[in-house]
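Trainee: How does the following fold in three dimensions:
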Amino acid sequence: MIDGIDRSTVEEEVKKQIDYDCLISHPDSSVAQMAEEIKDLMVDVLCGERSVVSEGKRVSEETARAAYRKITYDHIQYVMKSLVSYPDKISRIDRFLTVSLFNSVYTLTNSTFAGFEYDMQMKMI
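Mentor: Coordinates of the predicted model:
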């Protein structure tokens, strides 16, 4: 227990929140491993053991926790796809993932819509 937060309870809540069983059932074991690591990062942030740094500034624990409580299966997929297609070498993957998860709460819908717009334009051509 950390500061009154039971890590195992938080882990179970995160698993439900992100549909963990579905994520780890992926036939590619590397995807399942990524999901496991992301789940662990989320638990760390929600338990206050890891901070989120965005644009060089530390995000308050309260703000980070609020965002992380909104992360769903779709956000995890979005972050995984972004990670796989990221063109540059990532030196601190843990920081990259924590901020990507944080930002996914604010960008997933717009990203999906932008992709839809692009697909629709391509179909019209």
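Trainee: What strand or helix carries the residue nearest to the spatial centre of the chain?
Mentor: For the chain, residue 101 is the residue whose C-alpha lies nearest the centre (C-alpha atoms, centre = their mean; 3.1 Å). Using DSSP states H and E, the element containing residue 101 is helix 93-124.
Trainee: what about stretch 60-74, distance to the chain center?
Mentor: 9 Å (C-alpha atoms, centre = their mean, to the nearest Å).
Trainee: I'd like the distance between residue 76 and residue 91.
Mentor: 22 Å (C-beta to C-beta, to the nearest Å). Just so you know, the C-beta spots here come from the backbone N, C-alpha and C atoms, and that holds for glycine as well.
Trainee: how about the strands in this protein?
Mentor: 53-54, 57-58 (DSSP state E).
Trainee: For the last one, which strands pair with it and how are they oriented?
Mentor: By that I understand strand 57-58. Sheet pairing of strand 57-58 (DSSP bridges) gives strand 53-54 (antiparallel).
Trainee: Pairing-wise in the sheet, spell out the partners of the closest residue in space to residue 95 that isn't next to it in sequence.
Mentor: Spatial nearest neighbour of residue 95, excluding adjacent residues (C-beta to C-beta, 6 or more residues apart in numbering): residue 53 at 6.1 Å. Beta bridges link residue 53 to residue 58 when assigned by DSSP bridges.
Trainee: give me every residue that touches residue 53.
Mentor: Going by C-beta atoms under 8 Å, 6 or more residues apart in numbering, residue 53 touches 59, 95, 98-99.
Trainee: if we can go back for a sec, so residue 76 and residue 91 - more neighbours on which side?
Mentor: Shown here are residue 76 and residue 91; by other C-beta atoms under 10 Å, residue 76 has more neighbours (23 against 7).
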